[in-house]
Structure formats: C-alpha cells, structure tokens
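>>> Attaching a predicted model along with its sequence, questions to come.
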Amino acid sequence: SPVEVTLARLALGAAVLFAVMLARRQAMPRSRLLWAHITVAALFGNAIPYLLFAVAEQTVNSSTAGIINATTPLWTVILALAVRHQTTITIWQTAGLIVGFGGGLLIFAPWASGSDLTSAGALECLAAAFSYAISYIYMDRFLARRGMSPVTLSACQLLAASVMLAIALAVSGVKAPQFTAISVTAIVILGIIGTGLAYVLNYQIITSEGATIASTVIYLLPVVAIVLGVLVLNETVTATILAGIALILAGVALTRHHARAATH
C-alpha cells in the first residue's frame, strides 16, 4: 500500500544514515526546540509529499506527476517572497525558473495526459509539490545553518517522518504485502539512495545555495531519468525531449548565475 511503501523508504533511509552517524560517532541532537523544527520539516518535506505522490501515482501517469512536481521551484519562490524569507528575486533567477519549467513541459508533454491534469490524483500531486516548497523554506530558515552535520539532520528528519508513517499505518490498517525480488530491490534503492543519501545532498545544497536554488534540483530529476532510461533500458529519446533537457540545464544554470557572480 502507499503507506507501507512510504514507511519502508523512510525507515531504510534513516537506518542507513544512523549507521553512518554511528560510524562517525556523531551524537543525536538533544534540544527539544531543534527536534520540534525537525518534526515540522519531516511532516512537510517527507511524510506528506511522499505519501501523496505514492497515493496519486496509483491513478495518474508519471508524466502528470512529473510536471506537477516540477512546479515545486515556482511555489518555493512565490512562498519565499510571500513570507519575506527572500526579499527579492533576480532577473536571472526568474528567467531560470521559467526556462527550466518550460523544459519540463517539453519532456513531460502534459497536453497528452488528457483529463489526468484535472483529476483527484493531480490535486494530490499539487498538494505534495506545495508541501515540498514549504519544507525547503522551513529547512533553510530553521535547520540548514545550525552548524550540524547534514547526515545528522537528514537521519533525524527521516526518523521523525518514519514515526509519523508508522502511526498512519497503525491507523489505516496493516495489509500483508506481496514480496518479490523486484519490489524489494526497488524499495531498497528508493530508501537508501533516493531517500537517505539524497536527503544529505539536499541539506548541503540548501545550506550553500538557499531554498529557491536548491528547489531547482527538481528540474533535474527527469534529465537523470532519461539518461538512465537510455543507458539501462535502451530507451530512445526524441528531438523534443533533447530540447527539453537543454532548456532544463539552461534554466538551472540561469538560477545560479547570481550565486556564481557573488563568488568571484
């Protein structure tokens, strides 16, 4: 079930990162206030969006989910400006966000999805994308610059989210899952790489680049998926998809133009 999938990926990600913490002899945070912030970040950054996407993708195709997920950077900058977390947005950032989203449109071609974009699943994806936006800003403001290791922050956040999903599983009822080699392998990869290791990198990018630029990583997900599809599954790409990739890379580069200029 979606709850079981979400809990499994969170628990696996947390387990791997706590093993790293143990090897590095890193201590758990003791501050109650810090744990409160971690819990809020876990709710909006992990529990809500992971579960919503797992539920939504039972009824909508990956193209619909992908293009709605690609709205995350747009929601992030809008929300950041609304709550004064970010007071201005540069022309370069604006251009980059628009160009990157345009690239996502070319890749996912949502016009071919028909009624998917107006379905309940699409609304669930949209709520998940907005939840991601909240988490980027919250993590940037309250967690990323506390001088703590990204591994420690990520491990604790995934642990908090795992507890939330365990409660949700108890409430919704435990179903007997059907294990296969493929499903177990998929969950392990999703949990260890796509959740645990990815979240450490997420914190590092937020700390160094800020919430808005960090959120543009979402634009790169379809690019990686296409490259892996070609290398692993022998899939083919069209000229339209290549144009979309070019726009995404250009968009991400444009959003980082100010950051690069500031370092020189």
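Yep, it's here. Residues are numbered from 1 along each chain as shown.
>>> contacts for stretch 110-119?
Defining contact as Cβ atoms under 8 Å, 6 or more residues apart in numbering, one finds that stretch 110-119 is touched by 59, 60, 61, 63, 64, 67, 68, 122. In short, each C-beta sits where N, CA and C put it, glycine included.
>>> If we go by neighbour counts, what in that stretch is buried?
Residues of stretch 110-119 classed as buried by neighbour count (16 or more other Cβ atoms under 10 Å): 110, 113, 116, 117, 119.
>>> try stretch 62-69
Of the residues in stretch 62-69, those buried by neighbour count under the rule 16+ other Cβ under 10 Å are 63, 64, 65, 66, 67, 68, 69.
>>> okay if I get those as TSV plus secondary structure and pLDDT?
Supplementary listing: the buried residues of stretch 62-69 in TSV, determined by DSSP: H, G, I helix; E, B strand; the rest coil; pLDDT from 0 to 100:
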residue	secondary structure	pLDDT
63	helix	77
64	helix	81
65	helix	86
66	helix	85
67	helix	84
68	helix	88
69	helix	90
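>>> Got phi/psi on residue 26?
Main-chain torsions, residue 26, degrees, to the nearest 10: phi -90, psi 140.
>>> Put the alpha carbons of stretch 173-189 into PDB.
Listed in PDB are the C-alpha atoms of stretch 173-189, where the atom choice follows Å, rounded to 0.1, in the frame of the first residue of the first chain:
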ATOM      1  CA  GLY A 173      -4.500  -0.900   9.000                       C
ATOM      2  CA  VAL A 174      -1.600  -3.200   8.100                       C
ATOM      3  CA  LYS A 175      -2.000  -5.200   4.900                       C
ATOM      4  CA  ALA A 176       0.000  -8.200   4.100                       C
ATOM      5  CA  PRO A 177       2.400  -7.100   1.300                       C
ATOM      6  CA  GLN A 178       3.400  -9.400  -1.500                       C
ATOM      7  CA  PHE A 179       7.200  -9.500  -1.700                       C
ATOM      8  CA  THR A 180       9.000 -10.100  -5.000                       C
ATOM      9  CA  ALA A 181      12.700  -9.700  -5.800                       C
ATOM     10  CA  ILE A 182      11.800  -6.700  -8.000                       C
ATOM     11  CA  SER A 183       9.700  -4.900  -5.400                       C
ATOM     12  CA  VAL A 184      12.200  -5.400  -2.600                       C
ATOM     13  CA  THR A 185      15.100  -4.200  -4.800                       C
ATOM     14  CA  ALA A 186      13.000  -1.200  -5.800                       C
ATOM     15  CA  ILE A 187      12.200  -0.300  -2.200                       C
ATOM     16  CA  VAL A 188      15.800  -0.700  -1.100                       C
ATOM     17  CA  ILE A 189      17.100   1.600  -3.900                       C
END
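>>> average model confidence for that stretch?
Summarised as a single mean, pLDDT over stretch 173-189 is 85.
>>> Tell me who's in contact with the residue lying closest to residue 18 once chain neighbours are set aside.
With sequence-adjacent residues excluded and distances taken as Cβ to Cβ, 6 or more residues apart in numbering, residue 18 is closest to residue 155, at 5.0 Å. Contact analysis of residue 155 by Cβ under 8 Å, 6+ apart lists 14, 17, 18, 20, 21.
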